[in-house]
Structures are given as C-alpha cells and as structure tokens.
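**Q** from the sequence below, what's the structure:
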Amino acid sequence: MNAIVKMIIFGYLIIELILRGDIPYEQLLVVMISIIIQLVKERYYDSSWLTIAMLLLTCAGVAMDFRFAVLFALAAYDFMLKKSWVGLGAVFACAFYFLAKSPQIHSFIVWIAFCILLAYVIRKSSEEASRFTSTLDNERRLRYELEQAKAQLLHASKEIAGITEVKERNRIAREIHDSVGHNLAGTLIQLQAAYKIHGKDTEKAMSMISKSIDGLAHAVDLLRDTVHNIKPRESLGADYFRSMIGNYRFCPVDLKLSGDFNTIPPAHLELLSATIKEALTNTARYSFATMVNVTIDANENFTRLYVKDNGRGCENIKEGLGLSGMKERARNLGGNLSIHATDGFMIVCVIPRQEGGEIVEIANRG
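**A** Numbers count the residues shown, from 1 in each chain. Prediction:
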C-alpha cells in the first residue's frame, strides 16, 4: 500500500513537470534523489532521518518550482506512519512558509491532509492486525500449554489409578491373610494332628476334628465379613442409574435399561453418569421440557446412551465446557457423542467395547 501511495504522488509530480515543458537538470536530480530515498526506505532501511532528508529535499525542490510541494504530502505520510507529531508540525510549517503566497496552496494542503488521513488509517489497520496476530499467537501458545497440561493430567491419573489398584490389592491380601489365613492355618494343623492320632486316640482325634469344624465355621464367617467390607457400599450399574433418575425433580424421566450392567467397564459408567447429569441439568435450565427419555443399552460389543427431551430445542448449539468435555471423553474411550437440537434436545453416545476387557485409558475429566 505504501508503494502505491508513493507511486501516485511521484507520478503526479512527474506529469506536472512534463506538462510544463523542459525539466531542468537540478529539478530532475531532486526527483531522482527523492525516488532513491523512498526505495531505500521501503526496501532496506526505514528511518526518521531519511524522512527528514526527504523533507529538506522537498524544500529545496519547492524553492526551484512550487510543483514540488506535492512531496510535502509524502513526508507527512511517512511521519504519520511513525506517529511523529513533531515531523508533521515541521511539514506544515515548511508548507506554509513556501506556499503562503501560492494560489494553489489549498490544493497542496488537501494533498497533505489526504495523505495524513490515509497514513492514519493504514497505521491503525496495521496495529489491529499486529494485535490480532499477537492474540492468535498467545491463544495458540496457551492451547499448546493446555494440551500439555491435559496430557500430564491424563498420565498422572493413569499412574494414580495404577497405584490405587496396587494398594487395594495389597489391602485385600492383608485383610484375607490376617483375618482368614491364620484361622485356616490353625485348623489345618489340628486336622493333620487328628489324622495322625486317630488310630491311637480316637476320642482325642474326634475332639480335634470338632474344634477344626468350629474353626472352619469361624473362618467362613470371617471370609464373608471380609468380602462384605471389600464390596463397595455405593450402588453400581443399573441401580445407580435408577437412583440418579429417581432424584431428578424437574420433569418425569422414562428410563429404559437393557443388557448386563455388571459387565460395563468403570470408565464407561463414569462417562454415562456424567453425560446423563449434564443432559438433565441442561434440560432443567433451558428446555422447558415436560418429559425426558433415557435409554441405556449394554452388550458385549458396545455401550449406547440415548437422551431425548420434548423441549424447545435450539437452532444454534453453543457447546460449553460440559458438552465439549463429554465429547472429548467419549473420543478418549474410542467412542462418539453426537448432539441434535432441532426437535427437542437429543444426545446419543456410543462407546465400543475393546477386546481384552476394560479399556485402560482413563477418561478425561474435562
């Protein structure tokens, strides 16, 4: 754009000089030096000193021919691009000094004012573009940092899950060893002793067998209590979803369950639970629905969730952290979550079962 503006100004000056007739050598030299200065500014080194030199050269040209006054507009253009208010003041001072008695002073002032306005618009556009680029760079940097932080959190969550599993296994092993192992070991010793003496002392052997039976009964009770304590107290699977739906008070919910929910991997249960909660929350906040249908299908190949309300829907879906987080968690599990809002609000989530049992990757928590 700068080159076009300067070409127009030089073109106007050269045409004016040609129309007058012969161009003196001194004026031609001023034009050539001015062009060289502008080339240096545009291609190699843009300095305020070169703009000042251009202003002084313009004054020399105007002293020879008032038509060179159009170059004041060029100097004003460069000073405005650099936000040099002192330079703009110097341009106007020189212009009024050399053109005070010229009949064409108004036209040259218009040239100067137009170039100043044009330079102002170009500078503002360049600043806006620079700020926009800087904002994009910062956003890209923050996005990369967020991705790195998310990967670290996923890695940390996997490590925590592994450590938790090992600790739980150790706890169960200690529980069984301490509560059941000692009783079984003692009972085994008594049975072995009864077996060895049953031919010599039948009465004592039977007494030891009776004690062993009591010990085994006690061990069975201990084993039953241990398993009861190990079993999670919180309801899982189908009962968990029924309890969740039962606590929803905004409108009736028709829940349909099919399949064996005892085989659903924990990561799938976590995603289904979060998705249902998010869908029901959005229904209560935005939909004005009077009915919600929730269907969960669980089989050996996939787990499928279908949530549909009869509310007003939405023409333009704006995905917040909840919906976008659920989509990403579904992708992390190798599945897909789609949203439709043309006739009410509908969410369909399908998560495939991977070979070898439960998927290892821990779902991202948004």
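**Q** contact partners of stretch 273-283?
**A** 240-241, 244-245, 248, 250-251, 253, 289, 292, 294, 305, 307, 309, 311, 322-323, 326, 329, 337, 345, 347, 349 (C-beta atoms under 8 Å, 6 or more residues apart in numbering). Quick note: C-beta positions are derived from backbone N, CA and C, even for glycine.
**Q** if we go to 7 Å?
**A** Stretch 273-283 is contacted by residues 244, 248, 250, 289, 292, 294, 305, 307, 309, 311, 322-323, 326, 345, 347, 349 when judged by C-beta atoms under 7 Å, 6 or more residues apart in numbering.
**Q** please apply the same query to stretch 340-359.
**A** 265-268, 271, 275, 279, 282-283, 287, 289, 300-311, 313-314, 317, 330, 333-339.
**Q** give the buried residues for that stretch.
**A** Residues of stretch 340-359 classed as buried: 341, 344-347, 349-351, 353, 359 (neighbour count, 16 or more other C-beta atoms under 10 Å).
**Q** so which two of these are the farthest from each other?
**A** The span of the buried residues of stretch 340-359, defined through C-beta to C-beta, is set by 344 and 359 at 31.2 Å.
**Q** quick one on the thing from earlier: with secondary structure, pLDDT and distance to residue 19 as extra columns, can I get the buried residues of stretch 340-359 in CSV?
**A** Below are these laid out as CSV (DSSP: H, G, I helix; E, B strand; the rest coil; pLDDT from 0 to 100; distance: C-beta to C-beta, whole Å):
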residue, secondary structure, pLDDT, distance to residue 19
341, coil, 80, 69
344, coil, 85, 76
345, coil, 87, 74
346, strand, 90, 75
347, strand, 91, 76
349, strand, 93, 78
350, strand, 93, 79
351, strand, 91, 81
353, coil, 81, 87
359, coil, 36, 83
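**Q** which one of those is nearest residue 103?
**A** Closest to residue 103, out of all of these and judged by C-beta to C-beta, is residue 341, at 71.0 Å.
**Q** distance of the closest one relative to residue 329?
**A** 20 Å (C-beta to C-beta, to the nearest Å).
**Q** output the helix or strand of the chain with the lowest mean pLDDT as CSV, restricted to C-alpha atoms.
**A** Ranked by mean pLDDT, DSSP states H and E, the weakest helix or strand in the chain is helix 2-20, scoring a mean of 74. Once non-C-alpha atoms are left out, helix 2-20 reads as follows in CSV (Å, rounded to 0.1, in the frame of the first residue of the first chain):
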residue,chain,number,x,y,z
ASN,A,2,2.9,2.4,0.8
ALA,A,3,4.4,1.8,-2.5
ILE,A,4,1.1,2.5,-4.4
VAL,A,5,0.6,5.8,-2.5
LYS,A,6,4.2,7.0,-3.2
MET,A,7,4.0,5.9,-6.9
ILE,A,8,0.8,8.0,-7.2
ILE,A,9,2.5,11.1,-5.7
PHE,A,10,5.6,10.8,-7.8
GLY,A,11,3.5,10.1,-10.9
TYR,A,12,1.5,13.3,-10.3
LEU,A,13,4.8,15.3,-9.8
ILE,A,14,6.4,13.9,-12.9
ILE,A,15,3.3,14.6,-15.1
GLU,A,16,3.1,18.2,-13.8
LEU,A,17,6.8,18.7,-14.6
ILE,A,18,6.5,17.2,-18.1
LEU,A,19,3.4,19.3,-18.9
ARG,A,20,5.4,22.4,-18.2
